[in-house]
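Student: quick one: sequence plus predicted model below, questions after.
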Amino acid sequence: MSLFLVNRYLGEEDDGSASKESRSQALLAKLQQKAKEKQKQSVTEQRQHVPEEKSEWQDVTKKRKADKDHSQEHQHQKKRKSEQDSDGHDEAVEEKNKKKKKKKKDQSGGSVKGLADTGETGRDEQKDAGGEVEKAETENDTSKQTTGKTSAPTGFTVLGGFENKPIQKVHRVLPQWLAQPDVIHRDIKSNLVPVSDIPGLSAQLVKKIQSNGIQHLFPVQAEVIPAILESAQQGLLIGRGGYKPRDICVSAPTGSGKTLAFVIPVIQVLTERVVCEVRALAVLPTKELAQQVCKVFTSYTEGTSLKVVMLAGQKTFAAEQASLSEHRGGMRRSLADIVVATPGRLVDHINKNSGFCLEHLRFLIIDEADRMIDSMHQSWLSQVVKAVYRSGSGPEAISIFRRTEPAYVTAASLSPPQMPLQKLLFSATLTQNPEKLQQLGLHQPRLFSSIRSQSNTTPAAPTQKQDRFDFPQGLTEYYVPCTLSKKPLLILHFILRLKLSPILCFTNSRETAHRLYLLVQLFGGVQAAEFSSRLSPGERKKTLKEFEQGKIQLLISTDAAARGIDVNGVKCVVNYDAPQYIRTYIHRIGRTARAGKAGLAFTFLLGVQEKNFLQMVVEAGSPGIQKQIVKPENLKGMEARYEQTLQELANAIKDEKAK
Ligand SMILES: Nc1ncnc2c1ncn2[C@@H]1O[C@H](COP(=O)(O)OP(=O)(O)OP(=O)(O)O)[C@@H](O)[C@H]1O
């Protein structure tokens with residue numbers, strides 16, 4: 001029953017269902033409207049063409065229908081009344097109903113009589129004269145029944161009518177910080193900023209950056225580095241003006257240099273520390289990414305006293321424990337300033353390693369933030385926050401190091417000031433869904449984004465069903481229409497004929513990746529490797545290194561390598577299987593065209609996939625995906641060998657299974 005209808009924005013994932021509901025409502029209304037129109041039309045036609053006798057019958061039938069409606073309503077009222085009686089409802093309403101009932105009774109009395117007079121003959125006549133009318137009536141009745149079902153009273157007094165209004169689409173109204181971000185230039189090449197021009201950057205770090213071969217910073221770095229440095233202007237212990245600094249969210253395309261945007265300022269702030277404690281924690285979704293970020297931190301802390309430790313299960317738990325802290329003379333001593341971790345291993349250390357202390361944490365970096373929000377069910381964030389504010393509960397918590405979980409700001413809560421914990425979020429596909437972002441408990445967040453959102457008062461475009469993202473400038477997207485059986489031939493054609501290697505090729509499952517790998521191996525002439533959870537972490541690391549060194553022409557991977565992996569020199573990405581989600585697509589194709597370079601992305605599409613996939617890509621804000629047709633005659637030369645290879649593949653798979 002729709003006594004109270006609260007239209008609520010359900011986020012992009014739920015959007016579909018909400019619009020589905022309103023669509024079906026709209027469809028129903030449309031059908032009813034159509035039926036009414038048909039009814040009217042045929043009545044008019046009958047008036048014009050049917051002899052007077054028939055017209056009379058029509059009138060009688062119309063009357064009969066009206067009478068039927070009245071008597072239905074009458075029964076309905078009666079039922080409602082008895083329900084009200086038993087429920088002991090408001091007397092005033094009851095009185096009103098009685099009056100209504102009386103009035104209707106008067107009307108229906110006459111009608112019932114009229115109905116009895118019409119007889120069967122009339123009904124037959126009506127059928128002949130206006131089949132259309134009957135049909136329209138039936139449609140109308142059916143829809144009425146359906147409506148009745150959804151809004152049938154269940155013992156409540158229904159105020160107001162039953163008009164079947166379509167549910168209004170609820171437009172997204174973003175909070176100010178999401179709607180009006182600090183804009184980052186999209187074009188990397190024409191917006192480079194000399195390293196020495198970055199405000200607040202120490203001379204020592206400028207030198208370090210330059211010695212690492214970087215003379216200019218990318219737009220995201222030029223915007224975000226000064227912002228983070230500014231928030232720590234007063235040192236580690238308090239924010240600007242004694243207040244907690246604002247959390248920072250960054251949404252910038254793949255390969256735009258987000259890693260250095262947090263590595264550089266965090267290192268600069270931490271170099272001021274006196275005692276070694278864990279003050280920065282970077283959390284990443286996979287081992288490979290943790291390894292990659294750890295490598296960047298290590299290279300920029302070289303020559304300083306800062307220590308970086310990785311907790312990603314690469315080493316044994318005991319080895320990781322030993323690298324985090326040591327006990328001397330009954331005192332715990334931290335051996336890490338910066339920890340780079342995956343959520344699972346991090347939680348293990350919080351719970352099982354008494355030497356792992358997060359009470360001095362100043363920066364919590366959440367890279368691939370949208371993915372990390374999705375893994376929030378692991379409750380890693382709440383465990384980190386609990387570990388950070390652990391010291392605030394003890395009686396000794398009276399110094400500036402005192403930390404209590406942020407709550408209402410009162411004079412008492414601000415005195416003495418406490419060391420802030422600042423969250424730094426990074427992603428190429430950061431969600432704009434405030435409900436999702438809320439899970440992170442952000443403090444007065446500030447967003448840096450290369451996407452200019454619509455104003456917070458203007459509703460999103462009616463066609464916008466999902467978040468829009470920014471695509472790398474140097475990227476050219478293609479889709480290749482194909483059939484399932486031609487896909488392996490196409491990939492061989494890309495390498496052997498079009499010489500597009502090195503190619504990073506994505507499949508939707510590790511089984512497909514393995515089969516394709518075996519097939520390419522059996523076909524011969526291509527240096528191929530696979531990258532999936534079939535391989536051990538050590539093997540995966542080795543494979544990536546060889547791919548980067550150019551020893552592998554075709555790397556066939558699952559989505560294990562889709563996010564964040566930075567492999568230099570990938571010219572071309574091929575979606576052997578079309579990705580199901582736009583975020584997956586953006587991260588996959590973002591393995592090429594990095595750091596302002598050019599790159600190609602091809603997606604093999606089956607006929608049935610084309611429409612939906614192209615719509616998804618266009619709605620996400622793609623600058624344009626072009627059709628690339630590979631003519632069958634171009635594949636002809638390879639077909640015989642391919643057929644033979646397929647047979648060999650069947651045997652190879654049998655052998656594998658037997659083993
Ligand atoms: N200022 C710079 N000058 C030259 N190269 C840079 C600069 N900043 C970053 N790079 C290089 O650009 C590449 C991409 O950087 P990075 O991995 O940080 O991108 P990202 O934005 O994190 O991408 P993703 O969203 O895919 O994780 C890296 O190889 C990095 O070394």
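Tutor: Alright, I've got the coordinates. Quantities reported herein were computed from a predicted structural model and do not represent experimental measurements.

Student: wait, what's in contact with the nearest residue to Ala620 once chain neighbours are set aside?
Tutor: Leaving aside its chain neighbours, Ala620 sits nearest to Ile582 (4.5 Å; criterion: CB to CB, 6 or more residues apart in numbering). Using the backbone N, CA and C atoms, a C-beta is placed for each residue, glycine as well. Contacts were defined as CB atoms under 8 Å, 6 or more residues apart in numbering; by that measure Ile582 touches 429, 466, 469, 616-617, 619-620.

Student: what do you get for His349?
Tutor: His349 neighbours (CB under 8 Å, 6+ apart): 311, 317, 320-321, 324, 341, 356.

Student: do the same with Arg371
Tutor: 285, 427, 563.

Student: helix, strand, or coil at it?
Tutor: helix (DSSP: H, G, I helix; E, B strand; the rest coil).

Student: and the gap between it and the ligand?
Tutor: 11 Å (CB to the nearest ligand atom, to the nearest Å).

Student: repeat that for Ala560.
Tutor: Distance, Ala560 to the ligand, using CB to the nearest ligand atom: 14 Å.

Student: what's the neighbour count on that residue?
Tutor: Neighbourhood size, Ala560 [other CB atoms under 10 Å]: 19.

Student: list the beta-bridge partners for Arg328.
Tutor: Residues in a beta bridge with Arg328, per DSSP bridges, are Met331.

Student: so who does Leu518 touch?
Tutor: 649, 652-653.

Student: buried ones in stretch 488-500?
Tutor: Applying a neighbour-count criterion of 16 or more other CB atoms under 10 Å, one finds 488-496, 500 buried in stretch 488-500.

Student: could you do stretch 381-391 as well?
Tutor: Under 16+ other CB under 10 Å, the buried positions of stretch 381-391 are 381, 383-385, 387-389, 391.

Student: tally of neighbours for Ala578?
Tutor: So Ala578, with other CB under 10 Å, has 20 neighbours.

Student: if I look at it, how far off is the ligand?
Tutor: Ala578 is 20 Å from the ligand, by CB to the nearest ligand atom.

Student: so Ala318: helix, strand or coil?
Tutor: Ala318 ends up helix, using three-state DSSP.

Student: state the pLDDT value of it.
Tutor: On the pLDDT scale, Ala318 is placed at 95.

Student: neighbours of it, how many?
Tutor: Counted with other CB under 10 Å, the neighbours of Ala318 add up to 9.

Student: now render the contacts of Leu518 as a markdown table, adding neighbour count and distance to Leu260.
Tutor: Shown next, in a markdown table, are the contacts of Leu518 (neighbours: other CB atoms under 10 Å; distance: CB to CB, whole Å):
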| residue | neighbour count | distance to Leu260 |
| --- | --- | --- |
| Leu649 | 18 | 44 |
| Ala652 | 16 | 44 |
| Ile653 | 14 | 45 |
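
Student: go back to these and keep what's next to the ligand.
Tutor: Taking CB under 6 Å from any ligand atom as the test, the ligand is in contact with none of the contacts of Leu518.

Student: in CSV, list those along with pLDDT.
Tutor: Below are the contacts of Leu518 laid out as CSV (pLDDT from 0 to 100):
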residue, pLDDT
Leu649, 94
Ala652, 91
Ile653, 91
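
Student: buried set for stretch 580-595?
Tutor: 582-594.

Student: what's the closest of these to Ile267?
Tutor: Arg594 (22.4 Å; CB to CB).

Student: identify the residues contacting the closest one.
Tutor: 254-255, 472, 566, 570.

Student: count of neighbours near Gln32?
Tutor: Gln32 has 19 neighbours, counted by other CB under 10 Å.

Student: from Ser24, how far off is it?
Tutor: 13 Å (CB to CB, to the nearest Å).

Student: Arg594 too?
Tutor: Distance check for Arg594 against Ser24: by CB to CB, it reads 44 Å.
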